[in-house]
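Visitor: okay, here's the prediction I keep looking at, along with the sequence it came from:
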Amino acid sequence: MTVATTKPMARVPELEPSHKDARRYPQGVAFMDGQYLPMSEAKVSVLDWGFLHSDATYDTVHVWEGRFFRLNLHLDRFFRGMERLRMKLPYDRQEVERILSNCVALSGHKSAYVEMICTRGGSPTFSRDPRDAENRFIAFAVPFGSVANKEQLERGLHVGISETVRIPPTSVDPTIKNYHWLDLVKGLFDAYDAGAETALVMDTNGNIAEGPGFNVFTIKNGQLKTPAFGVLPGITRQTVFELCKEVGLTVAAADLSRDELNEADEVFITSTAGGIMPVTRVDGRSIANGKVGIVTRQLTDLYWKKHSDNAWSTAVNYE
């Protein structure tokens, strides 16, 4: 394996595909401890604070048809999260971008789910002082995956609302992407028990918050709304705001009640893992006529068209 330095690495011959379209690592490629590895060999220490205490931040970006989508926004959020958590890396932004691109190129995948992670790491002396920990950077690229499968994208997701309350923003800053998911996992089990396919949880004020890895939007009388309090302001969520401006739709971030969700004309969720995904049933009841709505389809089509736009996407160098 080629050992990484703090300088960008253009090539790693040991892991390059045997020809342009070959995939020697169909399960993906990871970067850890200065080297690129097949995903099956990527392991984290049980003493890492990221494992022991969920003391980590991360970000995910997807590659579609050989292009990163909105990579700069994901890198912005990742570095902002590290700064607020007082973490540091031996790599600068350009080097992290190069590592992510290398992971995708070495995997050979033209559509991929790509993650960058910074954990608190561990202390060589097993100190319980987080200032003594050596922060650790991990990245990987695996085949693209979506919150919704093909069937669900065509007929719309069935969502259940859990009474579980999202971690208060005064406890854990939701704008820093993190692995504190026990509330979201409980929400998922609540939804499964009720016969739904995924979940939404509540905020501390009794309004709708978000789901496991996604934001939610409603459409009523042509106007869009998404929760504002206690949620991660996702990159796809931000993209919807920009798309609405482009096509002249009104969108607002504000409190969203359970009744508003149930009475909406259309509902959709947004995530890097899947983009804009329709919802046609909530708590067992159909949204409007129970079919994917016109506005949802319009925004979804425009969203995927933007993936070939140089202003919105960045090509991966597979050479």
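Guide: It's in. Residues are numbered from 1 along each chain as shown.
Visitor: how's this protein carved up into domains?
Guide: Domain ranges of the chain: 29-143, 150-308, per the TED database.
Visitor: of all those, which one is nearest residue 318?
Guide: Of all these, it is domain 29-143 that lies closest to residue 318, at 4.8 Å by C-beta to C-beta. From N, CA and C alone the C-beta is placed, and that goes for glycine too.
Visitor: what's the average pLDDT for that closest one?
Guide: Domain 29-143 carries an average pLDDT of 96.
Visitor: for stretch 187-194, same thing?
Guide: Stretch 187-194 comes out with an average pLDDT of 98.
Visitor: kindly check the end-to-end length of stretch 283-301 for me.
Guide: Start-to-end span of stretch 283-301 (C-alpha to C-alpha, to the nearest Å) is 27 Å.
Visitor: re the thing from before, of the domains of the chain, which is nearest residue 315?
Guide: Closest to residue 315 of those is domain 29-143 (C-beta to C-beta; 5.3 Å).
Visitor: between the two ends of that closest one, how far is it?
Guide: Domain 29-143 has an end-to-end distance of 10 Å (C-alpha to C-alpha).
Visitor: okay if I get the domains of the chain as TSV plus distance to residue 319 and mean neighbour count?
Guide: Converted to TSV, the domains of the chain look like this (distance: least, C-beta to C-beta, whole Å; neighbours: other C-beta atoms under 10 Å):
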stretch	distance to residue 319	mean neighbour count
domain 29-143	8	19
domain 150-308	20	18
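Visitor: and stretch 183-195, how far out from the chain middle?
Guide: The chain centroid and the centroid of stretch 183-195 are separated by 20 Å, computed with C-alpha atoms, centre = their mean, to the nearest Å.
Visitor: where's the closest residue to residue 127 other than its chain neighbours relative to residue 95, distance?
Guide: Nearest non-adjacent residue to residue 127, counting by C-beta to C-beta, 6 or more residues apart in numbering: residue 133, 7.6 Å away. As judged by C-beta to C-beta, to the nearest Å, residue 133 and residue 95 stand 21 Å apart.
Visitor: any chance you could map the helices in the stretch 151-300 of the chain?
Guide: All helices of the stretch 151-300 of the chain, identified by DSSP state H, counting those that start in this stretch, fall at 182-193, 235-247, 258-262, 294-305.
Visitor: dump the ones you listed into CSV; add distance to residue 276 as well.
Guide: Formatted as CSV, those follow (distance: least, C-beta to C-beta, whole Å):
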stretch, distance to residue 276
helix 182-193, 20
helix 235-247, 7
helix 258-262, 17
helix 294-305, 5
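Visitor: who's in contact with the nearest residue to residue 194 once chain neighbours are set aside?
Guide: Nearest residue to residue 194, sequence neighbours excluded (C-beta to C-beta, 6+ apart): residue 160, at 4.5 Å. When contacts are counted by C-beta atoms under 8 Å, 6 or more residues apart in numbering, residue 160 is found next to 190-192, 194-196, 198-200, 282-284.
Visitor: out of these, name the ones that lie in strands.
Guide: Applying DSSP state E to those, the entries found in strands are 198-200, 282.
Visitor: looking at those, spot the one nearest residue 116.
Guide: Nearest to residue 116, judged by C-beta to C-beta, of the ones in strands among the contacts of residue 160 is residue 198 at 24.7 Å.
Visitor: mind listing the residues bridging to the closest one?
Guide: residue 159 (DSSP bridges).
Visitor: and it, what pLDDT?
Guide: Per the predicted model, pLDDT is 98 at residue 198.
Visitor: can I assume it is in contact with residue 188?
Guide: Yes - using C-beta atoms under 8 Å, residue 198 is in contact with residue 188, at 6.8 Å.
Visitor: find residues that contact each of those two.
Guide: residue 212.
Visitor: out of the domains of the chain, the one nearest residue 314 is which?
Guide: domain 29-143 (4.4 Å).
Visitor: mind checking how far the closest one is from the chain centre?
Guide: With C-alpha atoms, centre = their mean as the basis, the mean position of domain 29-143 lies at 13 Å from the chain mean.
Visitor: check stretch 272-285 too.
Guide: Centre-to-centre, stretch 272-285 and its host chain are 16 Å apart (C-alpha atoms, centre = their mean).
Visitor: the helices of the stretch 151-300 of the chain: which one's closest to residue 175?
Guide: Using C-beta to C-beta, the nearest of the helices of the stretch 151-300 of the chain to residue 175 is helix 235-247, at 11.8 Å.
Visitor: counting contacts, what elements does that closest one pack onto?
Guide: helix 71-84, strand 215-220, strand 223-226, strand 250-253, strand 266-271, strand 275-282, helix 294-305 (3 or more C-beta pairs under 8 Å, 6 or more residues apart in numbering; DSSP states H and E).
Visitor: closest one to residue 57 among the ones you listed?
Guide: helix 71-84 (3.9 Å).
Visitor: which stretches of the stretch 1-150 of the chain form strands?
Guide: Assigned by DSSP state E, counting those that start in this stretch, the strands in the stretch 1-150 of the chain fall at 29-32, 35-38, 56-64, 67-69, 112-122, 134-143.
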